[in-house]
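Student: Sequence and predicted structure are below.
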Amino acid sequence: MSVELGLSIAGLRCEVDGKEILKSIDLTVEPGRVHALMGPNGSGKTTLALALAGHPHYVVTAGSAKLDGANLLSLAPDKRAKAGLFLSFQYPAAIPGVKVANFLFAARQAVKPGSDLTPAKFRALLVERMEALGMDTSFLGRYLNDGFSGGEKKRLEMLQMAVLAPRYAILDETDSGLDIDALRHIGETIAALRSSEEGRATGLLVITHYPRILRYIQPDVVHVMLDGHIVKTGDVELANRIEREGYDIVRAESGAVA
């Protein structure tokens with residue numbers, strides 16, 4: 001029997017504190033393909049990310065979400081990560097006292113139990129990934145996100161993603177506060193993940209306000225979310241049009257609520 005590949009979302013509705021935020025979302029992210037989800041503040045983009053990750057305050061009231069045919073919504077948050085889902089947070093938390101190297105090794109062991117990577121081989125993998133990201137190995141001895149700049153936090157999340165090699169990754173406004181060099185490094189990391197170390201390309205959902213990160217990532221599909229709905233889908237030219245004309249033109253065409 002063939003396996004239904006993809007992060008497949010159908011008719012998904014979600015509420016927060018009794019208020020409906022997502023209003024029947026349909027979206028499928030295929031292995032090795034990049035989907036960009038754009039929209040202004042308050043449109044529901046981050047709600048979708050957190051609902052898929054299993055945040056307890058984001059209550060799914062209808063619809064389904066499957067990861068390669070398996071029911072994602074029935075799994076606890078840690079089991080969703082083990083199944084192959086990765087979420088890059090908009091505001092990564094700092095954890096003083098936990099060194100980056102120890103955190104990454106523990107995360108890899110938790111998500112990929114039974115891995116044959118010895119600590120020495122794992123460190124070699126880390127160094128290789130860090131060189132690709134333009135990160136100094138001194139990061140490994142620092143406490144997790146403690147005193148990190150915004151750009152350093154985002155690069156560390158890209159390192160986590162490169163080390164974990166998930167089946168599907170959701171990047172929630174990874175471009176926020178980044179300079180051009182950091183954006184370029186992120187684009188290179190994502191390009192590498194399209195052919196992961198396991199031979200299985202990662203599918204990505206890139207959530208953003210602005211199209212500038214898409215110059216470095218080259219999305220296959222672009223979606224626009226307004227008022228809890230995906231109102232328009234197209235290619236990268238849709239993102240370019242939004243940069244030129246703003247969201248109002250899409251809002252007017254779709255009849256979405258302002």
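Tutor: On my side now, so go ahead. Numbers count the residues shown, from 1 in each chain.

Student: from here on, contacts and neighbour counts on C-alpha atoms
Tutor: OK.

Student: Which residue ranges of the chain form helices?
Tutor: 45-53, 77-83, 100-111, 119-133, 150-164, 180-193, 214-217, 236-245, 248-254 (DSSP state H).

Student: So which of those helices is nearest residue 10?
Tutor: The closest of these to residue 10 is helix 45-53. By C-alpha to C-alpha, the value is 12.0 Å.

Student: Just the CA trace of that closest one, in PDB.
Tutor: Extracted in PDB, the C-alpha atoms of helix 45-53 (Å, rounded to 0.1, in the frame of the first residue of the first chain):
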ATOM      1  CA  LYS A  45      -0.100  32.600  10.100                       C
ATOM      2  CA  THR A  46       1.500  32.000  13.500                       C
ATOM      3  CA  THR A  47      -1.700  30.400  14.800                       C
ATOM      4  CA  LEU A  48      -1.400  27.800  12.100                       C
ATOM      5  CA  ALA A  49       2.200  27.100  13.000                       C
ATOM      6  CA  LEU A  50       1.500  26.700  16.700                       C
ATOM      7  CA  ALA A  51      -1.600  24.600  16.100                       C
ATOM      8  CA  LEU A  52       0.300  22.200  14.000                       C
ATOM      9  CA  ALA A  53       3.100  22.000  16.600                       C
END
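
Student: Which other helices and strands does it contact?
Tutor: Judged by 3 or more C-alpha pairs under 8 Å, 6 or more residues apart in numbering; DSSP states H and E, the packing partners of helix 45-53 are strand 7-16, strand 19-29, strand 59-67, strand 85-88, strand 168-172.

Student: List the contacts of the residue nearest the centre of the chain.
Tutor: Geometric centre of the chain, nearest residue: residue 170, 1.8 Å, by C-alpha atoms, centre = their mean. Residue 170 makes contacts with 49, 85-88, 204-207, as judged by C-alpha atoms under 8 Å, 6 or more residues apart in numbering.

Student: between the residues you listed, which is nearest residue 232?
Tutor: For the contacts of residue 170, the nearest to residue 232 is residue 207 (14.7 Å; C-alpha to C-alpha).
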